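**Q** Build me a model:
(one chain, ligands or ions: 1)
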Amino acid sequence: MRRPLVAGNWKMHGTRASVAELIEGLCRQELPVGIDVAVFPSSLHIAQVVHGLADGAVKVGAQDCAAQVEQGALTGELATSQLVDGGCELVLVGHSERRLILGESDEVVVGKFVAVQKAGLIPVLCLGETREQREANATLGVVGGQLAAVIDALGVESLKRAVVAYEPVWAIGTGLTATPEQAQEVHAAIRAQVAQLDAEVASGLRILYGGSVKAASAAELFGMQDIDGGLVGGASLNADEFGAICRAAGN
Ligand SMILES: O=C(CO)COP(=O)(O)O
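**A** Residues are numbered from 1 along each chain as shown. Here you go, the predicted structure:
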């Protein structure tokens with residue numbers, strides 16, 4: 001049985017004041033037992049969130065990192081050992097906003113994935129196709145290729161201590177959620193790709209869905225066989241809405 005994970009990606013949002021409010025709101029939520037909950041604040045707010053959520057019910061992660069464990073001369077970046085020191089437990093790797101807007105290649109994503117695991121953190125590997133790719137029926141090829149980049153470089157065992165997030169680019173921030181069936185099809189294909197190499201790794205792998213998840217759509221998505229939780233953007237900036245999404249994963 002896979003333990004669901006609901007994660008909130010706060011992206012480039014927040015001020016000290018709004019983050020303080022969000023922390024307070026999260027502390028008020030009744031979170032279900034039996035699921036993991038995590039939030040990914042901007043780097044600037046990680047310390048504030050780690051401090052504010054010190055009871056440990058909600059894990060804290062980073063949205064990005066350098067492809068390097070050790071500290072060093074790399075202006076503007078964060079070494080994964082610094083993220084450990086700062087109280088992070090997970091790191092997003094290969095989010096589509098970084099792949100598409102900032103030009104991160106599969107090679108860079110693999111380098112970051114390695115640095116995250118070497119530091120003892122858990123990578124959340126994000127995969128997803130654009131609208132054009134979906135319309136060209138290329139979804140499974142694109143997502144499978146992004147996953148294969150990691151498996152080919154690091155072996156399927158590297159997915160033992162990792163989470164995968166399927167986030168169709170056309171569903172991110174658009175209000176256009178994939179239907180549960182559309183998402184399930186891709187999640188099942190991801191799991192099948194892993195299962196071809198190692199059935200045990202595949203059955204234990206948590207695959208999250210991301211893309212306009214709201215409290216109203218969460219239960220149906222999380223009810224699908226291969227959807228093990230969500231990676232939530234906009235709706236995670238509202239503590240009550242995010243709490244409701246977490247509760248949908250606990251049912
Ligand atoms: O990109 C996402 C999470 O990483 C999804 O964002 P939205 O939930 O705002 O669509």
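**Q** which residues does residue 223 contact?
**A** residue 180 (C-beta atoms under 8 Å, 6 or more residues apart in numbering). Heads up, the C-betas are built off the backbone N, CA and C, glycines and all.
**Q** For it, give its distance to the ligand.
**A** Taking C-beta to the nearest ligand atom, to the nearest Å as the criterion, residue 223 is separated from the ligand by 18 Å.
**Q** And the helices in the stretch 1-150 of the chain, which stretches?
**A** Remark: helices of the stretch 1-150 of the chain, listed N- to C-terminal, are 16-28, 46-52, 80-85, 96, 106-118, 131-135, 139-154; assignment by DSSP state H, counting those that start in this stretch.
**Q** I'd like to know which of those helices is closest to residue 235.
**A** Each of the helices of the stretch 1-150 of the chain has some distance to residue 235 by C-beta to C-beta; the shortest is helix 16-28, at 12.2 Å.
**Q** now the closest one: mean pLDDT?
**A** Here the mean pLDDT over helix 16-28 is 98, rounded to a whole number.
**Q** List the buried residues in that helix.
**A** Of all the residues in helix 16-28, those buried under the rule 16 or more other C-beta atoms under 10 Å are 19, 22-23, 25-26.
**Q** which residues touch residue 94?
**A** By C-beta under 8 Å, 6+ apart, the residues touching residue 94 are 104, 106, 109, 112-113, 125-127, 146.
**Q** and the gap between whichever residue of the stretch 151-251 of the chain sits closest to the ligand and residue 161?
**A** Residue nearest to the ligand within the stretch 151-251 of the chain: residue 233 (2.2 Å; C-beta to the nearest ligand atom). When C-beta to C-beta, to the nearest Å is applied, the distance between residue 233 and residue 161 equals 24 Å.
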